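[1] Got a predicted structure plus its sequence, pasted below:
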Amino acid sequence: VLVSGAQMPDRRDLPPELGAMARRNALELSDKRWRYDVGQLISALEELLAETTAVDVAPATAGDATTTEASPKATSTDPTQIPAGTGDRERAGDWLRGHGRLLAGVAALAVLGVVLAIVALGGGGDSGGGDLADLQFERYTGSTFTVDVPVDWDRTKTDETVGGVRKTLFEDPGGEGTVEIDQEVQEANLSPEERMNQAVEMRSVERGYAALATTTDPQNVDGREALLFWYEHDEGIGPATVATYFFDAGGRGWRTRAAVAKKAGDSDESAKDIATRMAMTLEPR
């Protein structure tokens, strides 16, 4: 389970006895998708329990009744007690199959308890959070695209061409964030990687720049291949975290960019989540 933007470690970064963990699938728990992510975690645990609780019941034999050892647990009247003893194997299988979701929920709560303890002790990244803590989205329809954008943010630019890019810009009324949907015009023939490299080169000499992550291998963003440029930068809203996805769609080049002010709390994850949501939902017209 990954929290606070944690990434799966590389096998080379782990001690030998933990190397196999790098090949496992991970689930991310994000503040912005909390209910959905927890639901995914419970579903994964249910599938695991379905595999591990499939009990093969052997036919009872005459010797079973006479060789079964007495067990204090087997005589318990607790309705949630798993049946014990050789003669109760069939009832044990029925109990496990009937309580699979309960066990999945208990396991999920145990994992969440650990996660919340880590966050409470200061291991979960930035705390606090401003007006963006419960951000909602709505559908916006522009002249050449539709996309999900934050609810009630003010549109300050519409199809304005700046530096060879046609920009549509929204700003948080509270001054804690901005989002951009950019369509490449001047450099439409360049690949997403070439466009991202140009952006990295331009930003790297500007004030307040600090790289967080750049992906040279395409990421799967809801079935769409995209490259992520994730960094810190001094914006009009002050020191901020910026996440930008570069991708092609409908035969055109696009960027979805989100900047979240450091004062907003968990700006790293917020910026990435907003940019991801826009990259997932952008549809050319």
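    Received it, and whenever you're ready, just let me know what you need.
[2] Give me the distance between the closest residue to Ala210 other than its chain neighbours and Phe247.
    Closest residue in space to Ala210, ignoring its immediate chain neighbours: Glu232 at 4.3 Å, by CB to CB, 6 or more residues apart in numbering. All C-beta spots, glycine's among them, are computed from the backbone N, C-alpha and C. Glu232 is 22 Å from Phe247, where distance means CB to CB, to the nearest Å.
[3] pLDDT weak spots in the protein?
    Counting by pLDDT under 70, the chain shows low-confidence ranges at 4-8, 10-11, 19-25, 30-36, 49-133, 186-188.
[4] residue ranges of the strands in the chain, please?
    Taking DSSP state E as the test, the strands found in the chain are 2-3, 28-29, 137-141, 145-150, 154-162, 165-171, 177-184, 210-214, 219-221, 224-235, 238-249, 252-261, 283-284.
[5] So which of the ones you listed is the most surrounded?
    strand 252-261 (a mean of 25; mean count of other CB atoms under 10 Å).
[6] between that one and strand 238-249, how big is the angle?
    160 degrees (axes from the mean of the first three to the mean of the last three CA atoms, to 10 degrees).
[7] neighbouring strands for strand 252-261, and are they parallel or not?
    Strand 252-261 pairs in its sheet with strand 177-184 (antiparallel), strand 238-249 (antiparallel), by DSSP bridges.
[8] okay, those strands in a markdown table with distance to Leu41 next?
    Converted to a markdown table, the strands paired with strand 252-261 look like this (distance: least, CB to CB, whole Å):
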| stretch | distance to Leu41 |
| --- | --- |
| strand 177-184 | 28 |
| strand 238-249 | 24 |
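[9] closest to Pro9 out of the ones you listed?
    Distance to Pro9, taken as CB to CB, is lowest for strand 238-249 among the strands paired with strand 252-261, at 21.3 Å.
[10] now that closest one and strand 224-235, what's the angle there?
    160 degrees.
[11] partner residues bridging the residue nearest to Ser270 when sequence neighbours are not counted?
    Spatial nearest neighbour of Ser270, excluding adjacent residues (CB to CB, 6+ apart): Val260 at 4.4 Å. Counting by DSSP bridges, Val260 forms beta bridges with Gly177, Thr241.
[12] could we number from 17 for the rest of this?
    Renumbered: residue one is now 17, and that last one reads Val276.
[13] Please determine how far Val276 is located from Pro166.
    Relative to Pro166, and taking CB to CB, Val276 is found at 11 Å.
[14] tell me, what's touching these two both at once?
    Residues touching both Val276 and Pro166 by CB atoms under 8 Å, 6 or more residues apart in numbering: 193, 290.
[15] Count the residues that sit near the closest residue to Leu244 other than its chain neighbours.
    Nearest residue to Leu244, sequence neighbours excluded (CB to CB, 6+ apart): Thr231, at 4.7 Å. Thr231 has 15 neighbouring residues, counting by other CB atoms under 10 Å.
[16] if I read this right, Thr231 contacts Leu243, doesn't it?
    Yes: if you go by CB atoms under 8 Å, Thr231 and Leu243 touch, sitting 5.3 Å apart.
[17] burial of Leu206, as a residue count?
    15.
[18] I figured it hits Met212, correct?
    No: under the criterion of CB under 8 Å, Leu206 is not in contact with Met212, lying 9.6 Å apart.
[19] Give me the common contacts of these two.
    The overlap between the contact sets of Leu206 and Met212 (CB under 8 Å, 6+ apart) is empty.
[20] that older thread, looking at the strands of the chain, which is closest to Glu33?
    strand 18-19 (20.7 Å).
[21] who's in contact with the nearest residue to Pro255 once chain neighbours are set aside?
    Distances taken as CB to CB, 6+ apart place Lys278 nearest to Pro255, at 4.7 Å, with adjacent residues excluded. Shown in contact with Lys278 (CB under 8 Å, 6+ apart): 254-257.
[22] Generate a markdown table for those residues, with distance to Glu222 as supplementary columns.
    Putting the contacts of Lys278 into a markdown table (distance: CB to CB, whole Å) gives the following:
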| residue | distance to Glu222 |
| --- | --- |
| Gly254 | 14 |
| Pro255 | 12 |
| Ala256 | 12 |
| Thr257 | 15 |
